[in-house]
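J.: sequence and predicted structure are below.
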Amino acid sequence: MGFWDEYAGDYDSIFAKDPMYADAMRMMLERMGDAGRKRVLDLGCGTGRLVQLIAERFPDAEVYGVDPSGRMVEVCAERFKELPNVHIAEGTATWIPCPTGHLHCVLSNLALHHVPPQARPDCAREMARVLQKGGRLQ
């Protein structure tokens, strides 16, 4: 995903100026309910802003971040290298490197609209695969 590699260094500062982005993040966290001691995935995590907010709000949660951009994954992994409960990996919306039924919650912010229309059924199946029964997608 070379296109997104170009933005890895500036990504956070670009969105930090946008109040709608902050509001979207806040609403996502509020709708999560209690994620303590749960496994949560940010699909399309970029540099990890939502991962950071989840990890801060729910320090007992296992937080996963997946992104197709190798450079975004590098930046994100470096950001959380000291947090043993945060796991960052390269992956896509149609290939999430998590075991079947592993996650309690899958979140995605500013990512799913990048999934090509022909790949959206595979994306839906993959999110369903990694969610445990009764898990949440938001």
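T.: Everything's here; your move.

J.: so the residue nearest the centre of the chain: helix, strand or coil?
T.: By CA atoms, centre = their mean, the chain has its centre lying nearest to Asp42, at 1.5 Å. Put simply, Asp42 is strand when judged by DSSP: H, G, I helix; E, B strand; the rest coil.

J.: return the helix or strand in the protein with minimum mean pLDDT.
T.: Of the helices and strands making up the chain, the lowest-confidence element is helix 2-5, at a mean of 56, by mean pLDDT, DSSP states H and E.

J.: now Gln132. Nearest residue, chain neighbours left out?
T.: Taking CB to CB, 6 or more residues apart in numbering as the measure, Gln132 lies nearest to Gly101, with 4.4 Å between them; neighbours along the chain are not counted. From N, CA and C alone the C-beta is placed, and that goes for glycine too.

J.: I meant Val66, not that one.
T.: Nearest non-adjacent residue to Val66, counting by CB to CB, 6+ apart: Gly91, 4.0 Å away.

J.: so who does that neighbour touch?
T.: Taking CB atoms under 8 Å, 6 or more residues apart in numbering as the contact definition, Gly91 lies against 66-68, 97.

J.: quick one: buried ones out of the residues you listed?
T.: Applying 16 or more other CB atoms under 10 Å to these, the neighbour count classes 66-68 as buried.

J.: burial count for Ile54?
T.: A total of 28 residues lie near Ile54 under the criterion other CB atoms under 10 Å.

J.: next, Gly46: phi, psi?
T.: phi 60, psi -130 (degrees, to the nearest 10).

J.: can you give me the pLDDT of it?
T.: Turning to Gly46, the model gives it a pLDDT of 89.

J.: touching, it and Met72? I think so.
T.: Yes. Counting by CB atoms under 8 Å, Gly46 sits close enough to Met72 to count as a contact (5.2 Å).

J.: before we move on, back to that, what strand or helix carries the residue nearest to Gln132?
T.: When elements are defined using DSSP states H and E, Gly101 is found to belong to no helix and no strand.

J.: now do the buried residues in the helix ranked longest in the chain.
T.: Taking residue count as the measure and DSSP state H as the definition, the longest helix of the chain comes out as helix 19-31. Neighbour-count burial for helix 19-31, counted by 16+ other CB under 10 Å, picks out 25, 28-29.
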